[in-house]
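Asker: kindly return the folded structure for what I paste below:
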Amino acid sequence: MFLPNRHPDHGRPLDPVDAQTLGVAAAAEVERHLSHRDNHAETPLRALPAMAGALGLGAIHLKDEGFRLGLGSFKALGGAYAVFQLVLEEAGRQLGRPVDIAELNSPEVRAVAAGMTVACATDGNHGRSVAQGAQLAGAKAAIFVHARVSDERVAAIARFGARMIRVEGTYDDSVAEAARVAETEGWTVVSDTSWPGYERIPGLVMQGYTVIIREALRALREPPSHVFVQAGVGGIAAAAAGHLALALGERRPRFVVVDPARAACIFETAKAGHPVKVAHGEPTVMAMLECYEPSPVAWRVLARLADGFMTVEDEEAVAVMNRLARPAGEDPAIVSGESGGVGLAGVIQAAGDPAIREQLGLDATSRILVINTEGATDPARYAELVGMTPQQVVSRAEPVRA
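Answerer: Predicted structure coming up:
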């Protein structure tokens, strides 16, 4: 299903705060922070010429975040980056001077961090990033997970020393509980979604994601003509759309946001013209995108910069996982988790529908950019969906393991 953006703010410049958060200078600062991470390396940009040819498109490039910082997900960037920034800012307040990322491991900064506890709700990947960031900085972490988060994902977070707290209900219930407990305990919430009065930290999380686009633009010979990015609460899509617009100006590509049909909070928000909470229904296989209420900060960006909104069914997401695992022609095999290839699923749906092709101007000259937002972050589940043994998955996704 496709919906063009008819919001009255579409095409308007970004809010100044969002422009500062997602701009070229901000992405350069994220990259400077990453240079101090021992396991930092740019993630690969994969060309998929056989798939592009089969779809009647000029080129498809996939930015593979399954190799990001040992966590196997784009979220390795956002949560940890926000934790580092918060620790440095608190150290600056206590020490009475600016504190740089190069001092993160100094005794003075470590002493400040030891007195801090960061908290968040997660489907799995964001919590791992926050927990890893806290461990690296010397802070404590309390991670709230809802009933549908698998034991494997809980264990993957806990190994970073985080305190794990189970919450009955959905992701949105865990967000509310994390905020409630953190206020009582004096913890700092590092959320990837925003709410009234709480925008700056989710903005830092989004800022962390801008480096994905910075790296992709540097690797491409020419800018993409179309970008399809999946959405949960909207953070990664807003970060990508915002940075593309600010880095490329009038050359910015057409931008499409892709939602799971069973948790289409961004799609329904676009339809309504304002943030809405969608009803909880049957769980989606796209577990990392199973969010029922958008981030207002993300929507503020997407209302201006997204050109269209789509939904994909669970079957389409699983089909992409299998298509990437067993590619045609000389396309590389790519390990993509349940939520990782959803943007590409949107491309396949759009390219195969004459009406959507025409609306988006997709043709044999189109240059498509998508993001594989996660590798096999739950290897057992991935193996089940693509018909492999867990041992095969681990061997193919070796860089995902920290």
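Asker: ranges for the strands of this structure?
Answerer: 2-4, 45-47, 59-64, 117-122, 140-146, 163-167, 188-189, 226-230, 254-260, 308-312, 367-372 (DSSP state E).
Asker: any chance of a markdown table for the ones you listed, columns mean neighbour count?
Answerer: For every residue, glycine as well, the C-beta is placed using N, CA and C. Formatted as a markdown table, the strands of the chain follow (neighbours: other Cβ atoms under 10 Å):
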| stretch | mean neighbour count |
| --- | --- |
| strand 2-4 | 17 |
| strand 45-47 | 16 |
| strand 59-64 | 24 |
| strand 117-122 | 26 |
| strand 140-146 | 24 |
| strand 163-167 | 15 |
| strand 188-189 | 19 |
| strand 226-230 | 28 |
| strand 254-260 | 28 |
| strand 308-312 | 25 |
| strand 367-372 | 27 |
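Asker: now the ones you listed as TSV including mean pLDDT and distance to residue 23?
Answerer: Formatted as TSV, these follow (pLDDT from 0 to 100; distance: least, Cβ to Cβ, whole Å):
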stretch	mean pLDDT	distance to residue 23
strand 2-4	97	26
strand 45-47	98	22
strand 59-64	98	19
strand 117-122	96	25
strand 140-146	97	29
strand 163-167	96	36
strand 188-189	97	25
strand 226-230	98	17
strand 254-260	98	16
strand 308-312	98	24
strand 367-372	98	19
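Asker: what's the spacing between the residue minimising distance to the centre of the chain and residue 182?
Answerer: Using Cα atoms, centre = their mean, the residue of the chain that lies closest to the mean C-alpha position is residue 236, 4.0 Å off. Going from residue 236 to residue 182 by Cβ to Cβ, to the nearest Å gives 23 Å.
Asker: ditto for residue 378
Answerer: 27 Å.
Asker: which of those two has more residues huddled nearby?
Answerer: Between residue 378 and residue 182, counting by other Cβ atoms under 10 Å, residue 378 is the more crowded of the two (23 against 20).
Asker: how about that one: what's its closest non-neighbour residue?
Answerer: residue 152 (5.0 Å; Cβ to Cβ, 6 or more residues apart in numbering).
Asker: now do the contacts for residue 327.
Answerer: Neighbour list for residue 327: 48, 50, 51, 333, 334 [criterion: Cβ atoms under 8 Å, 6 or more residues apart in numbering].
Asker: report the separation between the last one and residue 381.
Answerer: When you say that, I think you mean residue 334. For residue 334 relative to residue 381 (Cβ to Cβ), the value is 17 Å.
Asker: what bits of the stretch 251-400 of the chain have low per-residue confidence?
Answerer: Applying pLDDT under 70 to the stretch 251-400 of the chain flags the ranges 390-400.
Asker: apply 90 and report the result again.
Answerer: Along the stretch 251-400 of the chain, segments meeting pLDDT under 90 span 280-281, 377-381, 388-400.
Asker: just to revisit the earlier point, turn the strands of the chain into JSON lines, including distance to residue 132.
Answerer: Shown next, in JSON lines, are these (distance: least, Cβ to Cβ, whole Å):
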{"stretch": "strand 2-4", "distance to residue 132": "36"}
{"stretch": "strand 45-47", "distance to residue 132": "24"}
{"stretch": "strand 59-64", "distance to residue 132": "19"}
{"stretch": "strand 117-122", "distance to residue 132": "11"}
{"stretch": "strand 140-146", "distance to residue 132": "9"}
{"stretch": "strand 163-167", "distance to residue 132": "14"}
{"stretch": "strand 188-189", "distance to residue 132": "16"}
{"stretch": "strand 226-230", "distance to residue 132": "22"}
{"stretch": "strand 254-260", "distance to residue 132": "26"}
{"stretch": "strand 308-312", "distance to residue 132": "30"}
{"stretch": "strand 367-372", "distance to residue 132": "20"}
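Asker: and of those strands, who's closest to residue 245?
Answerer: Between residue 245 and the strands of the chain, the tightest spacing by Cβ to Cβ is seen for strand 254-260, at 8.2 Å.
Asker: from residue 109, how far off is the residue of the chain positioned farthest from its centre?
Answerer: Most distant residue from the mean C-alpha position of the chain: residue 96, 34.4 Å away (Cα atoms, centre = their mean). Per Cβ to Cβ, residue 96 is found 13 Å from residue 109.
Asker: for residue 89, same thing?
Answerer: According to Cβ to Cβ, residue 89 stands 11 Å off from residue 109.
Asker: joint contacts of those two?
Answerer: residue 99.
Asker: quick one: which of those two has more around it?
Answerer: Just comparing residue 89 and residue 109: by other Cβ under 10 Å the higher neighbour count belongs to residue 109, 23 against 14.
Asker: where along the stretch 101-250 of the chain do the helices fall?
Answerer: Ranges of helices within the stretch 101-250 of the chain are 107-113, 125-137, 151-158, 171-185, 200-219, 235-248, based on DSSP state H, counting those that start in this stretch.
Asker: quick one: contacts for residue 381?
Answerer: Per Cβ under 8 Å, 6+ apart, neighbours of residue 381: 150, 152, 337, 338.
Asker: need these in TSV with distance to residue 320 and neighbour count, can you?
Answerer: As requested, the contacts of residue 381 are exported to TSV (distance: Cβ to Cβ, whole Å; neighbours: other Cβ atoms under 10 Å):
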residue	distance to residue 320	neighbour count
150	21	16
152	22	13
337	11	30
338	10	26
